[in-house]
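Visitor: here you go, sequence then predicted model.
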Amino acid sequence: MNLVEELRWRGMVHDMMPGTEELLAKEMVTAYVGFDPTSDSLHIGHLVSIMLLKHLQKAGHKPIALIGGATGMIGDPSGKSEERNLLDESTLRHNQECIRKQMARFLDFESAADNKAEMVNNYDWMKDFSFLEFIRDVGKLITVNYMMAKDSVKKRLETGLSFTEFSYQLVQGYDFLYLYQHKNCKLQMGGSDQWGNIVTGTELIRRKTGGEAFALTCPLITKSDGGKFGKTEQGNVWLDTEKTSPYAFYQFWLNASDQDAEKYIKIFTLLSPQDIDQLIL
């Protein structure tokens, strides 16, 4: 199986832009996923995106983990019913360093391989970007009509949406443009709720450079009973032992229903289809 075929088999493809599979078959592709730095630990909900990058690197492509130091100061309205609290730079930098250590358990950041992983922080290229420069160089490329058509914006208009959050898709879109120009990054991946933001990035790239970029999203994982994946009565299941004990972490997986376990084993392991089929029998 090629990369896309394997991701499909594992239930990890929700939407994919035409041409993505052909691109991945043709060359070593640099792709990125963004991670929210509003906590000093990732939780198991992030593992889906981490596994996307893991499979990408395993297939010979180059993963970039983007820490949203700048976007974390704004707050993504996607899937949110209200505006989040904004964090200061020192807190975001601390969270970034903690996340880097956790990510290193899954991705190869250190080898001499051409496809070794990189970690970047969008604060590094956004911090010196003035408001006037941004609306001149980026804002003029995307119409308000285009931005208003996004589901993440439509849903929040009912409860109220600040200009800060409304501009989020432009900031995330610029990340893709920056990585395309400076890292030859042609693919962005993420959860299905990020599709609108990712496509805005591909549109910015097309309008600014005339180039072509691609998008792939995975489904948001839910439990068979309709409950939110990764949530317990005590809250999120974290990857930090200070936040979630090894015992509680183990119990979360142990208590999964048979139906969920069949889904989880495909998404959260690197076992072969043959081995998984044997376990599921």
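Guide: In hand now; what should we look at? Computed from a predicted model, the values in this text were never measured in an experiment.
Visitor: any weak-confidence spans in the protein?
Guide: Within the chain, the segments meeting pLDDT under 70 span 72-86, 231, 233.
Visitor: now do the strands in it.
Guide: Using DSSP state E, the strands of the chain run over 15-16, 30-35, 62-67, 118-121, 185-191, 214-218, 231-232, 235-236.
Visitor: and the fifth one, what does it pack against?
Guide: So the one you mean is strand 185-191. helix 20-26, strand 30-35, helix 47-58, helix 168-183, helix 195-209, strand 214-218 (3 or more C-beta pairs under 8 Å, 6 or more residues apart in numbering; DSSP states H and E). Placement of C-beta: from N, CA and C, glycine included.
Visitor: I'd like the distance from the first one to the chain centre, please.
Guide: This means helix 20-26. Averaging C-alpha positions (C-alpha atoms, centre = their mean, to the nearest Å) puts helix 20-26 20 Å from its chain's average.
Visitor: now do the fourth one
Guide: Averaged C-alpha coordinates place helix 168-183 at 14 Å from its chain's average position (C-alpha atoms, centre = their mean).
Visitor: for it, packing partners?
Guide: Going by 3+ C-beta pairs under 8 Å, 6+ apart, helix 168-183 lies up against strand 30-35, strand 62-67, strand 118-121, helix 123-126, strand 185-191, helix 195-209.
Visitor: now swap in the shortest one and tell me
Guide: With contacts defined as 3+ C-beta pairs under 8 Å, 6+ apart, the packing partners of strand 214-218 are helix 3-9, strand 15-16, helix 20-26, helix 47-58, strand 185-191, helix 195-209.
Visitor: compare those and give me the one nearest L281.
Guide: Taking C-beta to C-beta, helix 3-9 is the member of the helices and strands packed on strand 214-218 nearest to L281, at 16.7 Å.
Visitor: follow-up on the earlier one: need the helices and strands packed on helix 168-183 in a markdown table (columns: mean neighbour count and distance to S162).
Guide: Shown next, in a markdown table, are the helices and strands packed on helix 168-183 (neighbours: other C-beta atoms under 10 Å; distance: least, C-beta to C-beta, whole Å):
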| stretch | mean neighbour count | distance to S162 |
| --- | --- | --- |
| strand 30-35 | 24 | 20 |
| strand 62-67 | 24 | 23 |
| strand 118-121 | 18 | 23 |
| helix 123-126 | 16 | 18 |
| strand 185-191 | 25 | 22 |
| helix 195-209 | 20 | 16 |
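Visitor: export those to JSON lines and tack on distance to G45?
Guide: Below are the helices and strands packed on helix 168-183 laid out as JSON lines (distance: least, C-beta to C-beta, whole Å):
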{"stretch": "strand 30-35", "distance to G45": "11"}
{"stretch": "strand 62-67", "distance to G45": "15"}
{"stretch": "strand 118-121", "distance to G45": "19"}
{"stretch": "helix 123-126", "distance to G45": "23"}
{"stretch": "strand 185-191", "distance to G45": "9"}
{"stretch": "helix 195-209", "distance to G45": "17"}
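Visitor: just to revisit the earlier point, among the helices and strands packed on strand 185-191, which comes closest to V237?
Guide: Nearest to V237 among the helices and strands packed on strand 185-191 is helix 47-58 (9.6 Å), distances taken as C-beta to C-beta.
Visitor: now the helices and strands packed on strand 185-191 as a markdown table including distance to R105?
Guide: Formatted as a markdown table, the helices and strands packed on strand 185-191 follow (distance: least, C-beta to C-beta, whole Å):
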| stretch | distance to R105 |
| --- | --- |
| helix 20-26 | 25 |
| strand 30-35 | 14 |
| helix 47-58 | 9 |
| helix 168-183 | 23 |
| helix 195-209 | 26 |
| strand 214-218 | 20 |
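Visitor: follow-up on the earlier one: out of the helices and strands packed on strand 214-218, which is closest to M119?
Guide: helix 47-58 (10.7 Å).
Visitor: which residues does that closest one contact?
Guide: Under the criterion C-beta atoms under 8 Å, 6 or more residues apart in numbering, residues 3, 6-7, 12, 29, 31, 33, 35, 42, 62-63, 65, 103, 106-108, 115, 117, 189-191, 216, 218, 221, 239, 267-268, 270 lie in contact with helix 47-58.
Visitor: next one: it to chain centre, how far?
Guide: With C-alpha atoms, centre = their mean, you get 10 Å for helix 47-58.
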